[in-house]
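A.B. asks: Return a 3D structure for these sequence lines:
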Amino acid sequence: MSNRRLISKLAIGLFAAIAIDTLLQLVWKTTVLETAADASPLATLRSISANPAFFAVLFLMAIQFFNWLIVLSQADLSYVKPISSLSYACVPTFSALALGEAVDGLEIMGLACVIAGVWLISQTEPVTPKSSKPQDTGRLGA
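C.D. replies: Below you'll find the predicted structure:
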């Protein structure tokens, strides 16, 4: 596979990871808001299992899992995990827009730091060259 195609496929997977995680968090929050706060564990379980949004949460978790498997097969964890943390910036933004939650100046500064960190990491190579990887000795810690 060409390097350009690999980078495109990786970018799509990372964008999907960020979008799925953001949507998952918003749906999860709305599901929790629809559940009685002071109910017993059994009543909470009944309430959640009767809510179709709960099944959307499970579905999104499954999609997120399979997308993550694909992304991890294409690049180093040390590259993709920090980039996928852009969802930490997207969740508060969309929580403010969709759920009316407040985001203050300190949070905005934190989001700017996350975005700056992701930009710095994105300037590195997504895959460690084979000659730089440690040799597998077959033992943990060796």
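
A.B. asks: Buried residues in the lengthiest helix in the chain, which are they?
C.D. replies: For the chain, the longest helix by residue count, based on DSSP state H, is helix 3-33. By neighbour count on 16 or more other CB atoms under 10 Å, the buried set for helix 3-33 is 10, 13-14, 16-18, 20-29, 31. Backbone N, C-alpha and C define where each C-beta goes, glycine included.

A.B. asks: Check stretch 104-123 too.
C.D. replies: Going by neighbour count (16+ other CB under 10 Å), the buried part of stretch 104-123 is 111, 114, 118, 121.

A.B. asks: Point out the ones among those that are inside helices.
C.D. replies: Using DSSP H, the buried residues of stretch 104-123 in helices are 111, 114, 118, 121.

A.B. asks: Out of those residues, the closest to residue 84 would be?
C.D. replies: For those, the residue nearest residue 84 by CB to CB is residue 118; the value is 8.9 Å.

A.B. asks: Please look at that closest one and residue 82 and confirm they touch.
C.D. replies: Yes - using CB atoms under 8 Å, residue 118 is in contact with residue 82, at 6.1 Å.

A.B. asks: quick one: low-confidence parts of this structure?
C.D. replies: Low-confidence segments of the chain, defined by pLDDT under 70: 1, 131-142.

A.B. asks: any idea which residue sits dead centre in it?
C.D. replies: When CA atoms, centre = their mean is applied to the chain, the residue found nearest the centroid is residue 21 (4.2 Å).

A.B. asks: quick one: contacts for it?
C.D. replies: Neighbour list for residue 21: 64, 84, 87, 90, 91 [criterion: CB atoms under 8 Å, 6 or more residues apart in numbering].

A.B. asks: what do you get for residue 53?
C.D. replies: Counting by CB under 8 Å, 6+ apart, the residues that residue 53 touches are 27, 30, 31, 34.

A.B. asks: okay if I get the residues you listed as JSON lines plus distance to residue 43?
C.D. replies: Listed next are these as JSON lines, based on distance: CB to CB, whole Å:
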{"residue": "27", "distance to residue 43": "21"}
{"residue": "30", "distance to residue 43": "19"}
{"residue": "31", "distance to residue 43": "15"}
{"residue": "34", "distance to residue 43": "13"}
